[in-house]
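**Q** predicted structure and sequence below. I'll ask about it afterward.
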Amino acid sequence: MKRTTKKRNALLWVFEALEGDGHYLQKKFFGFEAAYLDGKLYLAVADGKAPWEGLFVCTTKERHAALRAEFPELKAHRVLGKWLHISQMHREFERVAREMVELALRRDERLGVESKSREVLEGSKLGAKKRTVKKDNDWML
């Protein structure tokens with residue numbers, strides 16, 4: 001059986017400046033690589049096909065206007081409308097990505113959302129089909 005290796009996300013360089021922060025955590029979040037600071041989700045990157053590519057600024061709709069006034073390149077993501085987005089194909093991508101990282105490092109109040117734990121998700125509509133593991137490792141719905 002041929003073993004496949006997962007492709008490394010080509011946009012992880014965006015998070016390099018965060019690595020010196022003692023409260024930084026990078027982890028997978030669905031198809032994204034996500035940057036957490038102090039337990040809050042701040043930024044995510046994906047290098048898939050549109051619309052799942054580029055930088056995602058994790059925020060709330062109430063904060064969009066304030067961020068877009070300073071960064072008009074950011075647009076509400078067409079699927080995840082609560083987050084702002086800039087395509088990696090945009091001519092200003094690198095500049096905006098670096099500036100978003102700087103805002104995250106300063107803990108700008110316009111960025112960051114509380115992260116839901118797996119336990120919370122299991123009780124939500126997203127986790128309506130709860131899975132539990134029996135001791136004999138059989139899966140049950």
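**A** Great, that's in hand. It should be emphasised that the depicted structure is a prediction, and the values quoted were computed from it without experimental measurement.

**Q** in its sheet, what does the longest strand along the chain sit against?
**A** Ranked by residue count under DSSP state E, the longest strand found in the chain is strand 40-47. In the sheet, strand 40-47 lines up against strand 32-37 (antiparallel), strand 53-57 (antiparallel), strand 113-114 (antiparallel) (DSSP bridges).

**Q** can you give me the buried ones in the second one?
**A** Using 16 or more other C-beta atoms under 10 Å as the burial criterion, the residues of strand 53-57 that qualify are 53-57. For every residue, glycine as well, the C-beta is placed using N, CA and C.

**Q** just want the angle from the longest helix along the chain to strand 40-47.
**A** Across the chain, the helix with the greatest residue count (assigned by DSSP state H) is helix 93-105. Orientation of helix 93-105 against strand 40-47 (axes from the mean of the first three to the mean of the last three C-alpha atoms, to 10 degrees) gives an angle of 160 degrees.

**Q** report the buried residues of helix 93-105.
**A** By neighbour count on 16+ other C-beta under 10 Å, the buried set for helix 93-105 is 93, 96-97, 100-101, 103-104.

**Q** out of the buried residues of strand 53-57, who's nearest residue 37?
**A** The closest of those to residue 37 turns out to be residue 57 (C-beta to C-beta; 13.2 Å).
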